[in-house]
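1. fold the stuff below for me.
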Amino acid sequence: MAAGKNPQRVHAGAVSGLFRGAGDDADVDWDSIIEFCWEHAGRLNTKEQDFVRSMRAWDGEPTERQAKWLKDILRRLRGRRSRNGSLDAGPTARPG
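-> Numbers count the residues shown, from 1 in each chain. You can find the predicted model right below:
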């Protein structure tokens, strides 16, 4: 998320139905995921907090490695998985 963007508070109700499949990252609203993680930064360790802070200033899509770490953090913060093992939590996909 670029520093110039105006982040909005991401409510827990807005983080449902993300990552319906393993290859859906192109349509993910990463800004909302990052802001959700940042709002819950008190539950993260120092290294994770530093990572999420750096992602708030990141311009563009996360790298594959960054995306995996963000998903892992989000999964832990949301605390659930779907039956097929994919995430069953997170912001909805960006409109087309």
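2. check which residues of stretch 65-85 are buried.
-> By neighbour count on 16 or more other Cβ atoms under 10 Å, the buried set for stretch 65-85 is Q66, A67, W69, L70, K71, I73, L74, R75, L77, R78. All C-beta atoms are positioned from the backbone trio N, CA, C, and that covers glycine.
3. would you mind putting the CA coordinates of stretch 70-82 into PDB?
-> What follows is stretch 70-82, C-alpha atoms only, in PDB (Å, rounded to 0.1, in the frame of the first residue of the first chain):
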ATOM      1  CA  LEU A  70       0.600 -12.000   4.500                       C
ATOM      2  CA  LYS A  71      -1.700 -15.000   4.000                       C
ATOM      3  CA  ASP A  72      -0.100 -16.800   6.900                       C
ATOM      4  CA  ILE A  73      -0.500 -13.800   9.200                       C
ATOM      5  CA  LEU A  74      -4.100 -13.300   8.100                       C
ATOM      6  CA  ARG A  75      -4.900 -17.000   8.500                       C
ATOM      7  CA  ARG A  76      -3.500 -16.800  12.100                       C
ATOM      8  CA  LEU A  77      -5.400 -13.600  12.900                       C
ATOM      9  CA  ARG A  78      -8.600 -15.000  11.500                       C
ATOM     10  CA  GLY A  79      -8.000 -18.400  13.000                       C
ATOM     11  CA  ARG A  80      -9.800 -20.600  10.500                       C
ATOM     12  CA  ARG A  81      -9.400 -22.600   7.300                       C
ATOM     13  CA  SER A  82     -11.900 -24.000   4.900                       C
END
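4. helices - which of the buried residues of stretch 65-85 land there?
-> Judged by DSSP state H, helices contain the following of the buried residues of stretch 65-85: Q66, A67, W69, L70, K71, I73, L74, R75, L77, R78.
5. out of these, who's nearest Q49?
-> I73 (10.0 Å; Cβ to Cβ).
6. how many other residues sit next to the nearest residue to that closest one once chain neighbours are set aside?
-> Spatial nearest neighbour of I73, chain neighbours left out: C37 (5.3 Å); criterion: Cβ to Cβ, 6 or more residues apart in numbering. The local packing of C37 (other Cβ atoms under 10 Å) involves 25 other residues.
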